[in-house]
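Participant: take this sequence and fold it.
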Amino acid sequence: MSFTSNYNPSLTKVIQLYGWTPSKIQQFGKIWKITDRDGSIYALKKAKQSKAKLMVLHHMLEGVQEAGFSHLLPWISSQDEEPVVSVNDENWYATQWKQVDESQHLSSIQLIRSLGKLHHLAQAMVDPYPELATQISKEIPKEWKEKKEELFFLTKEGERQFCSPFEKVLEQKRDMIERNFDFAIRGLERFVETESGKAPRFTICHRRIHPSNVIVSGDQFYWIDFDHAQVDSPVRDVAMFLHRFVEQKGETQDLVRLLEAYQQENPLLPKEKRLLAIYLAYPERVIKTVRRYIAQPKLSTEADYVKKLDGEIQHIEAIQEVVQSLWSTKVRLGTKRSATDRTNEKSKGKRKK
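Facilitator: Now for the predicted structure:
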């Protein structure tokens with residue numbers, strides 16, 4: 001079959017480099033489904049990352065698989081034995097295509113335990129790459145402050161006579177949302193000051209934790225789409241999971257059970273628990289909901305947005321107890337002293353003299 005005229009030249013070349021002879025090529029979002037004449041089916045994806053980064057990521061993920069983690073799909077090598085194929089400055093990788101079984105339901109407990117196991121096994125894989133570790137800069141708390149101002153742009157204008165139902169809900173819960181913002185911002189500023197923004201330990205973080213990035217096929221499930229993975233603190237993924245995978249928003253017990261399940265595979269260090277409290281307090285989902293509402297404030301979707309915002313606010317309310325429990329963990333936040341601390345010590349010394 002000739003497919004050159006129907007598909008872009010880069011795709012054609014990539015398929016040739018893998019040595020496939022397709023009988024069918026289909027596109028599903030960013031994934032190309034390649035059905036080969038021999039009956040094999042592949043998932044092919046073009047990544048935005050450099051080949052060097054993809055090669056390091058492949059090496060790490062391969063190490064995790066060899067260590068016994070079964071919830072990843074191996075990357076398929078090209079005819080040149082390369083796990084990443086580069087054509088016209090584009091980088092591609094391929095895995096087996098897994099038919100999604102929509103009838104199968106995975107519990108959040110299963111998923112977060114597998115995430116804990118992934119993080120635990122991946123620590124050894126990232127150790128040789130300290131230069132890749134992500135550190136929190138002073139700019140991040142500043143960005144959070146800007147997002148706080150952006151979030152309440154609607155209600156600042158809302159001293160007008162008419163507010164939409166969505167704006168009214170946002171204004172009614174303003175104090176609680178602001179408290180979460182302030183806690184997260186101050187906590188992160190303190191972390192940057194005392195720890196220089198460096199987490200206690202690092203692992204492979206998926207950084208796109210979402211139900212769409214887990215597929216169930218047969219009696220197995222797989223984490224997919226690691227293109228945006230980074231070497232970071234495991235709590236980045238944990239916070240994202242707890243925000244996005246809670247089966248019933250508003251249930252504090254669900255959050256506690258999930259966190260306990262994760263720690264059965266990868267117990268968190270005291271400093272990590274406090275850092276997790278900061279990320280959980282940050283109202284990321286509310287920000288996204290408000291942004292979408294501002295982008296398309298249609299009367300026909302008002303009720304849907306109000307329902308969505310109510311759900312996110314219930315989640316914030318449920319998470320308060322978990323945040324407080326994590327934050328109460330006793331820990332030395334670091335040995336680095338602030339300029340204010342040093343100044344106070346000097347002043348005390350002078351008075352003693």
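Participant: let me see the ranges of the helices in the stretch 101-250 of the chain.
Facilitator: 108-126, 139-151, 153-157, 165-172, 174-195, 234-244 (DSSP state H, counting those that start in this stretch).
Participant: which one of those helices lies nearest to Trp97?
Facilitator: The closest of the helices of the stretch 101-250 of the chain to Trp97 is helix 108-126. By Cβ to Cβ, the value is 21.0 Å. To be clear about C-beta, it is placed using only N, CA and C from the backbone, and glycine gets the same treatment.
Participant: and that closest one, what's buried?
Facilitator: Judged by neighbour count using 16 or more other Cβ atoms under 10 Å, the buried positions of helix 108-126 are 108-109, 111-122, 125-126.
Participant: relative to helix 234-244, how tilted is it?
Facilitator: Angle between the axes of helix 108-126 and helix 234-244 is 160 degrees (criterion: axes from the mean of the first three to the mean of the last three Cα atoms, to 10 degrees).
Participant: hmm, who's touching helix 108-126?
Facilitator: Helix 108-126 has contacts (Cβ atoms under 8 Å, 6 or more residues apart in numbering) with 59-61, 63-64, 67-69, 71-72, 132-133, 201-206, 209, 214, 221, 223, 231, 234, 237-238, 241, 245-247, 254, 257-258, 261-266.
Participant: hang on, the earlier thing: from the buried residues of helix 108-126, pick the one nearest Arg186.
Facilitator: Proximity of these to Arg186 (Cβ to Cβ) peaks at His119, which lies at 26.9 Å.
Participant: what about that closest one, distance to Glu102?
Facilitator: 28 Å (Cβ to Cβ, to the nearest Å).
Participant: now swap in Glu149 and tell me
Facilitator: Plainly put, Glu149 is 42 Å away from Glu102 if you go by Cβ to Cβ.
Participant: of these two, who's got more company?
Facilitator: Remark: of Glu149 and Glu102, Glu149 carries more neighbours, 10 against 7, as counted by other Cβ atoms under 10 Å.
Participant: ok, the closest residue to Trp223 other than its chain neighbours to Val169 distance?
Facilitator: The shortest distance from Trp223 to any non-neighbouring residue, by Cβ to Cβ, 6 or more residues apart in numbering, is to His71 (5.5 Å). Per Cβ to Cβ, His71 is found 38 Å from Val169.
Participant: before we move on, what about Asp254?
Facilitator: Applying Cβ to Cβ, the value for Asp254 to Val169 is 23 Å.
Participant: now stretch 282-297: buried residues?
Facilitator: Tyr282, Pro283, Glu284, Arg285, Val286, Ile287, Thr289, Val290, Tyr293.
Participant: got it, and stretch 71-80?
Facilitator: Neighbour-count burial for stretch 71-80, counted by 16+ other Cβ under 10 Å, picks out His71, Leu72, Leu73, Trp75, Ile76, Ser77, Ser78.
Participant: can I get those residues in JSON lines with secondary structure, distance to Lys53 and pLDDT?
Facilitator: Shown next, in JSON lines, are the buried residues of stretch 71-80 (DSSP: H, G, I helix; E, B strand; the rest coil; distance: Cβ to Cβ, whole Å; pLDDT from 0 to 100):
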{"residue": "His71", "secondary structure": "coil", "distance to Lys53": "22", "pLDDT": "98"}
{"residue": "Leu72", "secondary structure": "strand", "distance to Lys53": "17", "pLDDT": "98"}
{"residue": "Leu73", "secondary structure": "coil", "distance to Lys53": "19", "pLDDT": "98"}
{"residue": "Trp75", "secondary structure": "coil", "distance to Lys53": "14", "pLDDT": "98"}
{"residue": "Ile76", "secondary structure": "coil", "distance to Lys53": "19", "pLDDT": "98"}
{"residue": "Ser77", "secondary structure": "coil", "distance to Lys53": "18", "pLDDT": "98"}
{"residue": "Ser78", "secondary structure": "coil", "distance to Lys53": "18", "pLDDT": "98"}
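Participant: great, nothing more from me.
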